[in-house]
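Engineer: Following is a predicted model, sequence given first.
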Amino acid sequence: MIHWLLVHWWILLAAMVLGLLAGIGWWQQRAQRLQWERVQQRALRYGLAQLDALPHLQFEFAVRDLMRRDGCADAVQVGGQGDLGADVKATDPYGRRWVIQCKHRKNGDRGAAVGTPELQVLNGTGRPVHKGDVVVMVTNGRVTQPGRAFAREQRLHLVDRRVLGQWAAGARPLWELLPMLPPPRKPTAAS
């Protein structure tokens with residue numbers, strides 16, 4: 001066998017060249033696919049009617065995908081039974097940990113408003129259990145006045161129908177739409 005390879009060395013060389021070319025082709029295809037996925041993510045947009053039509057679980061995935069679009073590569077949907085008040089978790093490009101509770105209303109702003117009880121659950125777990133820097137309630141509906149007052153007192157961020165519409169349809173990340181966010185955890189090019 002070794003003697004045959006020594007005599008026919010060019011076959012071994014040709015096999016190595018073909019293997020190298022196949023590897024380069026695979027790598028280029030993979031790079032193009034990843035680039036296309038990034039382009040698709042950046043182009044992700046939702047209208048409020050689309051979000052209203054989603055089932056609750058798909059609404060959570062839509063929120064996760066919007067966070068990914070905005071640069072939170074680790075955004076994950078974690079909601080479900082026993083989620084302890086978190087449906088989506090993510091880390092923004094500034095190092096801040098986001099904990100998001102989603103309240104999807106089948107009838108949008110005509111559905112039941114998010115009130116203080118839902119915000120109390122989020123407040124009780126968002127920072128101490130999930131270690132969130134930015135704790136957010138996202139709804140395709142509305143939030144009661146007592147709920148808004150409670151959120152202000154507890155430094156909870158609210159994404160109601162109006163803010164959700166801006167975020168989902170636009171190219172601005174959520175952290176540019178919300179007031180009074182904690183400072184970045186890591187240095188940025190602007191700092």
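Structural biologist: Now that the structure is in, tell me what you want to look at.
Engineer: if I pick the nearest residue to E118 once chain neighbours are set aside, what's in contact with it?
Structural biologist: Once flanking residues are discounted, E118 sits nearest to K103: 6.2 Å by CB to CB, 6 or more residues apart in numbering. From N, CA and C alone the C-beta is placed, and that goes for glycine too. The contact partners of K103, taken as CB atoms under 8 Å, 6 or more residues apart in numbering, are V114, E118, M137, V138, T139, G141.
Engineer: From the recorded domain assignment, give the ranges for the chain.
Structural biologist: 2-42, 48-177 (automatic domain parsing).
Engineer: low-confidence ranges in this structure?
Structural biologist: Low-confidence regions of the chain, defined by pLDDT under 70, span residues 33-42, 187-191.
Engineer: try it again with 80
Structural biologist: 1, 4-6, 12, 31-43, 79-83, 171, 186-191 (pLDDT under 80).
Engineer: what's the longest helix in it?
Structural biologist: Secondary structure of the chain per DSSP state H: the longest helix is helix 9-42.
Engineer: just checking, A169 touches G47?
Structural biologist: Yes: judged on CB atoms under 8 Å, A169 makes contact with G47 at a distance of 6.4 Å.
Engineer: Out of these two, name the residue with the larger neighbour count.
Structural biologist: Neighbour totals were compared for A169 and G47, and A169 leads with 14 against 11 (other CB atoms under 10 Å).
Engineer: Helix, strand or coil: sort out V99 for me.
Structural biologist: strand (DSSP: H, G, I helix; E, B strand; the rest coil).
Engineer: Report how many residues lie close to the nearest residue to it once chain neighbours are set aside.
Structural biologist: Once flanking residues are discounted, V99 sits nearest to G132: 3.3 Å by CB to CB, 6+ apart. Around G132 there are 23 other residues, counting by other CB under 10 Å.
Engineer: Right, I'll call it a day here.
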